[in-house]
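Q: Predicted model follows, preceded by the sequence.
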Number of protein chains: 2
Amino acid sequence: MATLIVPDNVSPSQDAEVLRKACEGWGTDEKAIISILGHRNAEQRKQIRLAYHQLYQEDLVKRLESELNGDFEKAVYRWILEPADRDAVLANAAIKKGETDAKVLIEISCIRSPEELLAVRRAYQHRYKRSLEEDVASHLSGDLRKLLVGLVSAYRYDGEEINTRIGNSEAEILHHAIKDKAFNSDEVIRILTTRSKPQLNAIFNRYREEHATSITKNLLGDDAHPNDFQKALHTTVRSLTDPHKYFAKVVRDGIKKLGTDEDSLTRVIVTRAEKDLRDIKDLYYKKNSVPLGQVVAKETSGDYKKFLLTLLGEED
Amino acid sequence: MATLIVPDNVSPSQDAEVLRKACEGWGTDEKAIISILGHRNAEQRKQIRLAYHQLYQEDLVKRLESELNGDFEKAVYRWILEPADRDAVLANAAIKKGETDAKVLIEISCIRSPEELLAVRRAYQHRYKRSLEEDVASHLSGDLRKLLVGLVSAYRYDGEEINTRIGNSEAEILHHAIKDKAFNSDEVIRILTTRSKPQLNAIFNRYREEHATSITKNLLGDDAHPNDFQKALHTTVRSLTDPHKYFAKVVRDGIKKLGTDEDSLTRVIVTRAEKDLRDIKDLYYKKNSVPLGQVVAKETSGDYKKFLLTLLGEED
């Protein structure tokens, strides 16, 4: 369930007018911007951009970028984009950071639906004049490249049919690879990048039944320091099987960090507010015994804080 | 240019009636079937199938399958399907044959437009309840798998922008790989599976300028017997850069074979008749000094021959 609260009757041109006023004159009325954009869904935000352009011959996104700054600007910018275009922007930023930000690419490839991922690839081409997989392939190398190119290029089967025989045999393939510490074997990458989500669930369930432990545990191994590729596999499996739990953990890790990882916090809240942020909040509370809104309020400040809380459905 | 000849006014329900009559009673009127289906484009054939189903509560494709046989049946069956669905059927048949029929998969991945390839992947899922890349990955192995999974999963940038710097540096990467006989290097596969067609043309042109010989020649090496993977790379480059020449060669090779390779002949004629079969015919004549229609007439017979010649725009 979503956390975004949208009023019943909204008018794109009225919204555009309010935003224009908020940007005009001395200073910027951030409160007004939050009260509008923090309560509009993707389609409505799109209509506002169109209406704004028609009324003022100006790109609302650019105007907001010039009026706002810091984490607040970044959050508003990411929020106002259409979801597929936003993912393209997130993916491109992650690619530029190289090996360190693989999790964003994994998230986008594994948590979006197959059709949504195609839309991201289309938006990426439109924006950057190259393909997503092309940029991933030319910026990364080695095993991580193999995994990520496979993940971003996937168009997984989206139906429910599964094949138990394949499930059993591929659970064994994974087991042997993990036992031999052959994490980077072509077969591991093949299975994780091509099988459908229900089929992968069947494989991982079989693995748990046969080996009395989950594959996610075994992927990190007994090492105190799993390598980056093992971590990427781990993120892949978690994104494919339990996105809510995965996101709750991303937020938790982001907040635990010294100084808070605003990029992660913004990303989870902005990308999930109109999807399943309520489920993520519930799970966060269950795991940490403290409400996510309370933590966000404590760790952030100013308009950025107000905006995140609005998207979390928790205004003052 | 196409070779298919389509009359101005056609009525799907009248066509359906003629086809019904052709199938009813003692024997089948193959001539009538050819005269209708051999002169209808993809959209019209789809309308005929719909009209036929509405009029007779029967699937026209199944009915034709039960009425016809041999190469003629196969050709009509492949022709009547929607192009993306037909490609899904061709791809599936190729996957089942394993390493031996890589060229069909390469053809579909490299010659169709990026959006057409997506449509094939969608049709494949619809028909087989698995993804195309999933089946390619689980039926093939080794280097050929790496190449083909990359090719079928690609959603190449479809614009004209190219980057000369990348073109130059990647021509060098290919040159070194070929010189070292490292045909299966990850970099070779990365370049061929992710770069856009205009970018690849720039790379291959640079290669030719710098090394005074074409990459297609060098890919086969000095070996009298290039291995299957080298042949697959060769087919990939030719499909990406010059489909007409590639298809003219496929037809030529198919005819040269003892007993004629009907599958290849049917495939080229059926998949190109409403696209660019005229260009392929012209090139065939230029290269072999004998008209393609004449060769087809000599090497095939009966209704199969009549049907192919009709699609070639060369009825008696």
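A: In hand now; what should we look at? Numbering: from 1, shown residues only, chains lettered A, B, ... in the order given.
Q: Could you find the closest non-adjacent residue to A:Tyr128?
A: Distances taken as CB to CB, 6 or more residues apart in numbering or on different chains put A:Asn92 closest to A:Tyr128, at 6.1 Å, once the chain neighbours are dropped. Every residue, glycine included, has its C-beta placed from N, CA and C.
Q: who does the helix or strand where the one you found lies touch, helix- and strand-wise?
A: Following DSSP states H and E, one finds A:Asn92 within helix A:83-97. Counting contacts by 3 or more CB pairs under 8 Å, 6 or more residues apart in numbering or on different chains; DSSP states H and E, helix A:83-97 packs against helix A:70-80, helix A:102-111, helix A:114-128, helix A:132-139, helix A:262-272.
Q: The residue nearest to A:Tyr128 and chain B, how far apart?
A: Counting by CB to the nearest CB, to the nearest Å, the gap from A:Asn92 to chain B is 14 Å.
Q: next one: A:Ala42
A: A:Ala42 is 23 Å from chain B, where distance means CB to the nearest CB.
Q: what about that residue, neighbour count?
A: 16 (other CB atoms under 10 Å in any protein chain shown).
Q: Retrieve the pLDDT associated with the residue nearest to it when sequence neighbours are not counted.
A: Distances taken as CB to CB, 6+ apart place A:Pro83 nearest to A:Ala42, at 5.6 Å, with adjacent residues excluded. What the model reports for A:Pro83 is a pLDDT of 97.
Q: burial measure for the residue lying closest to A:Leu265 once chain neighbours are set aside, as a count.
A: Nearest non-adjacent residue to A:Leu265, counting by CB to CB, 6+ apart: A:Gly254, 4.8 Å away. For A:Gly254, the count of nearby residues is 18 (other CB under 10 Å).
Q: Excluding chain neighbours, what is closest to A:Thr260?
A: Nearest non-adjacent residue to A:Thr260, counting by CB to CB, 6+ apart: A:Glu299, 4.9 Å away.
Q: Contacts only, for that neighbour.
A: Listed by CB atoms under 8 Å, 6 or more residues apart in numbering or on different chains, the contact partners of A:Glu299 are A:Ile255, A:Thr260, A:Leu265.
Q: Export these to JSON lines and append columns for neighbour count.
A: Below are those laid out as JSON lines (neighbours: other CB atoms under 10 Å in any protein chain shown):
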{"residue": "A:Ile255", "neighbour count": "19"}
{"residue": "A:Thr260", "neighbour count": "17"}
{"residue": "A:Leu265", "neighbour count": "24"}
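Q: quick check, nearest of the residues you listed to A:Lys197?
A: Closest to A:Lys197 out of the contacts of A:Glu299 is A:Leu265 (26.2 Å), distances taken as CB to CB.
Q: ok, the closest one to chain B distance?
A: Remark: distance between A:Leu265 and chain B (CB to the nearest CB) = 31 Å.
Q: count of residues packed around the residue nearest to A:Tyr128?
A: Around A:Asn92 there are 17 other residues, counting by other CB under 10 Å.
Q: Run through the residues that contact it.
A: Per CB under 8 Å, 6+ apart, neighbours of A:Asn92: A:Tyr124, A:Arg127, A:Tyr128, A:Asp135.
Q: buried subset of these?
A: Burial by neighbour count, judged by 16 or more other CB atoms under 10 Å in any protein chain shown, picks out A:Tyr124, A:Tyr128, A:Asp135 from the contacts of A:Asn92.
Q: give me the element the residue of the stretch 201-316 of chain A found nearest chain B is part of.
A: Closest approach between the stretch 201-316 of chain A and chain B, counting by CB to the nearest CB: A:Ile203, at 12.6 Å. Per DSSP H and E: A:Ile203 is located in helix A:197-211.
Q: if I look at A:Pro83, how far off is chain B?
A: A:Pro83 is 18 Å from chain B, by CB to the nearest CB.
Q: so what pLDDT did the residue nearest to A:Thr260 get?
A: So, for A:Glu299, pLDDT stands at 93.
Q: who's in contact with A:Ala177?
A: For A:Ala177, the contacting residues are A:Phe183, A:Ser185, A:Glu187, A:Val188, by CB under 8 Å, 6+ apart.
Q: A:Leu311 now?
A: Shown in contact with A:Leu311 (CB under 8 Å, 6+ apart): A:Thr3, A:Leu4, A:Gly38, A:Trp79, A:Ile269, A:Val270, A:Ala273, A:Leu277.
Q: Nearest to B:Leu192 among those residues?
A: B:Leu192 lies nearest to A:Val270 out of the contacts of A:Leu311, by CB to CB, at 36.6 Å.
Q: tally of neighbours for that closest one?
A: Neighbourhood size, A:Val270 [other CB under 10 Å]: 24.
Q: Just to check, it is in contact with A:Trp79?
A: Yes: applying CB atoms under 8 Å, one finds A:Val270 in contact with A:Trp79, separated by 4.9 Å.
Q: picking that back up, am I right that the residue of the stretch 201-316 of chain A closest to chain B is in contact with A:Glu172?
A: No: with contacts counted by CB under 8 Å, A:Ile203 stays clear of A:Glu172, the gap being 9.6 Å.
Q: quick one: which of those two has more around it?
A: Neighbours per residue (other CB under 10 Å) separate A:Ile203 from A:Glu172, with A:Ile203 holding more: 25 against 15.
Q: what sits against the more buried one?
A: Residues counted as contacts of A:Ile203 (CB under 8 Å, 6+ apart) are A:Ile166, A:Gly167, A:Glu170, A:Ala171, A:Leu174, A:Ile191, A:Arg195.
Q: Could you check how far it is from A:Tyr284?
A: Shown here: A:Ile203 relative to A:Tyr284, a distance of 28 Å by CB to CB, to the nearest Å.
Q: Ok, A:Val152 next?
A: 28 Å.
Q: coming back round to it: which parts of the one helix or strand the residue nearest to A:Leu265 maps to are buried?
A: Here A:Gly254, judged by DSSP H and E, is contained in helix A:243-256. Under the neighbour-count criterion of 16+ other CB under 10 Å, helix A:243-256 has A:Pro243, A:His244, A:Lys245, A:Tyr246, A:Phe247, A:Ala248, A:Lys249, A:Val250, A:Val251, A:Arg252, A:Gly254, A:Ile255 buried.
Q: okay but A:Val136 is in contact with A:Lys146, surely?
A: No: with contact defined as CB under 8 Å, A:Val136 and A:Lys146 do not form a contacting pair (10.5 Å).
Q: In terms of packing, which of those two has more residues around it?
A: Neighbour comparison, A:Val136 and A:Lys146: the larger count goes to A:Val136, with 26 against 23 (by other CB under 10 Å).
Q: From chain B, how far off is the more buried one?
A: From A:Val136 across to chain B, the span is 8 Å (CB to the nearest CB).
Q: now swap in A:Tyr56 and tell me
A: For A:Tyr56 relative to chain B (CB to the nearest CB), the value is 30 Å.
Q: so that residue touches A:Glu17, yeah?
A: No: if you go by CB under 8 Å, A:Tyr56 and A:Glu17 don't touch, sitting 9.3 Å apart.
Q: Around chain B, pick out the residues from the stretch 101-250 of chain A.
A: Residues of the stretch 101-250 of chain A lying close to chain B (CB under 8 Å from any CB of the partner chain) are A:118, A:121-122, A:125, A:129-134, A:137-138, A:145-146, A:149-150, A:153-159, A:161, A:166, A:186, A:190, A:193-196.
Q: Derive a PyMOL selection command for the buried subset of those residues.
A: Entered in PyMOL, the line below selects the buried ones among those, by 16+ other CB under 10 Å:
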select buried, chain A and resi 118+121+122+125+130+131+132+133+134+137+138+145+146+149+150+153+154+155+156+157+166+186+190+193+194+195+196
